[in-house]
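J.: turn this into a model:
(one chain, ligands or ions: 1)
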Amino acid sequence: MEYVIELENVKKKYKLYKNQKERLLDLILPKSYGEEFYALKGVDFKAQAGDTIGFVGINGSGKSTLLNIVAGISPETSGSVIVRGQTALISVATGFKESLTGRENLEMKCLMLGFSKQEIDAMEEEIIEFSELNRFIDQPMKNYSSGMKSRLGFAISVMVDPDILIIDEALSVGDATFTKKCLDKIKEFQQKGKTIIFVSHSNYQIKQFCNKVVWLEYGKVKAYGPTVETMKAYEEFIAEFNKLSKEEKKAYQEKHKFNN
Ligand SMILES: Nc1ncnc2c1ncn2[C@@H]1O[C@H](COP(=O)(O)OP(=O)(O)OP(=O)(O)O)[C@@H](O)[C@H]1O
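T.: Numbers count the residues shown, from 1 in each chain. Alright, predicted model coming up:
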């Protein structure tokens, strides 16, 4: 069986600085400033064509970091990453230039994905229609709400028809009607046998759409398996975690975050 995504012992190192001065000094005298920590501490993970895989885990567990690596947006520090097929990442935060209009961003993103000017011209109206941005498409994106950015991001990503669709929390900022439209599109992708990887803080959405779930905890895979059993274990953990006091949660985070 050939896998479309294969990650082996993937690590991602970041540096934490006490302040902006330290960050600047580290540029001049590398290795002298900042505290290193691993947001991913050796992740193994494989996906087959047709899988819809949900990523869960408390804040800071490394979900977005992992998705950005699979999407090729951010490099891994070490380990092996194999991705077979074209990816498209939908995230509220991804790659729009605020000073450009929605239409200019659309064209730029499609060019970066390798489409020709003629292909973009042929897709453009359909993307704008899906986004429901209407005449706002010619406004600078700095005037967009996060929901509007997410709409455009989602519209581009689904209309370019990637082999692997990567969704980072982008469904939580739209209104209910748009979210429904996106979820219908996700179902259509599933029927076509495409691969979807999916970060959501909505356990309901994860259970509804995913056949497998990866539970990340501070950069490590705590569990990876069928949705029902993995979500059961995760929800039990969350119920216990929520009983902790603020101080206990902080201590838990400190213990796991910096422990490689
Ligand atoms: N550019 C960066 N520089 C330094 N640290 C970073 C950077 N990006 C992420 N981190 C840290 O890496 C860890 C993992 O972050 P990440 O955003 O991947 O987590 P997450 O599971 O997606 O969290 P959330 O559920 O809050 O979105 C966090 O501790 C975060 O603060």
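
J.: ok, residue 139 - contacts?
T.: Counting by Cβ atoms under 8 Å, 6 or more residues apart in numbering, residue 139 touches 101, 102. Every residue, glycine included, has its C-beta placed from N, CA and C.

J.: residue 229 versus that one, what's the distance?
T.: With distances taken as Cβ to Cβ, to the nearest Å, residue 139 is found 47 Å from residue 229.

J.: all strands of the stretch 101-250 of the chain, in order?
T.: Counting by DSSP state E, counting those that start in this stretch, one finds strands in the stretch 101-250 of the chain at the ranges 164-168, 195-199, 212-217, 220-226.

J.: just give me the neighbour total for residue 182.
T.: Residue 182 has 22 neighbours, counted by other Cβ atoms under 10 Å.

J.: need the residues of the stretch 1-150 of the chain near the ligand, please.
T.: 14, 39, 57, 59, 60, 61, 62, 63, 64, 65 (Cβ under 6 Å from any ligand atom).

J.: buried sites along stretch 41-57?
T.: Burial within stretch 41-57, assessed by neighbour count using 16 or more other Cβ atoms under 10 Å, is assigned to 41-43, 45-47, 49, 51-57.

J.: need the contact list for the spatially closest residue to residue 35 that is not a sequence neighbour.
T.: Among residues not flanking residue 35 along the chain, residue 16 sits closest, at 4.9 Å (Cβ to Cβ, 6 or more residues apart in numbering). Counting by Cβ under 8 Å, 6+ apart, residue 16 makes contact with 34, 35, 36, 37.

J.: any idea what the third one is bridged to?
T.: In other words, residue 36. Per DSSP bridges, the residues bridged to residue 36 are residue 15.

J.: residue 23 contacts residue 17, doesn't it?
T.: Yes - under the criterion of Cβ atoms under 8 Å, residue 23 makes contact with residue 17 at 4.3 Å.

J.: which neighbours do these two share?
T.: Listed as contacting both residue 23 and residue 17 by Cβ under 8 Å, 6+ apart are 33, 34.

J.: out of the residues of the stretch 1-150 of the chain next to the ligand, which two sit at the greatest distance?
T.: 14 and 57 (16.6 Å; Cβ to Cβ).

J.: can you tell me which of the residues of the stretch 1-150 of the chain next to the ligand are buried?
T.: Among these, those classed as buried by 16+ other Cβ under 10 Å are 39, 57, 60, 61, 62, 63, 64, 65.

J.: so the fourth one sits against residue 218, correct?
T.: In other words, residue 61. Yes - using Cβ under 8 Å, residue 61 is in contact with residue 218, at 5.7 Å.

J.: tell me the pLDDT at residue 73?
T.: Per-residue pLDDT puts residue 73 at 87.

J.: next, count neighbours for it.
T.: When neighbours are defined as other Cβ under 10 Å, residue 73 has 14 of them.

J.: specify the local secondary structure of the nearest residue to it once chain neighbours are set aside.
T.: Nearest residue to residue 73, sequence neighbours excluded (Cβ to Cβ, 6+ apart): residue 89, at 6.4 Å. Recorded secondary structure, residue 89: strand (DSSP: H, G, I helix; E, B strand; the rest coil).
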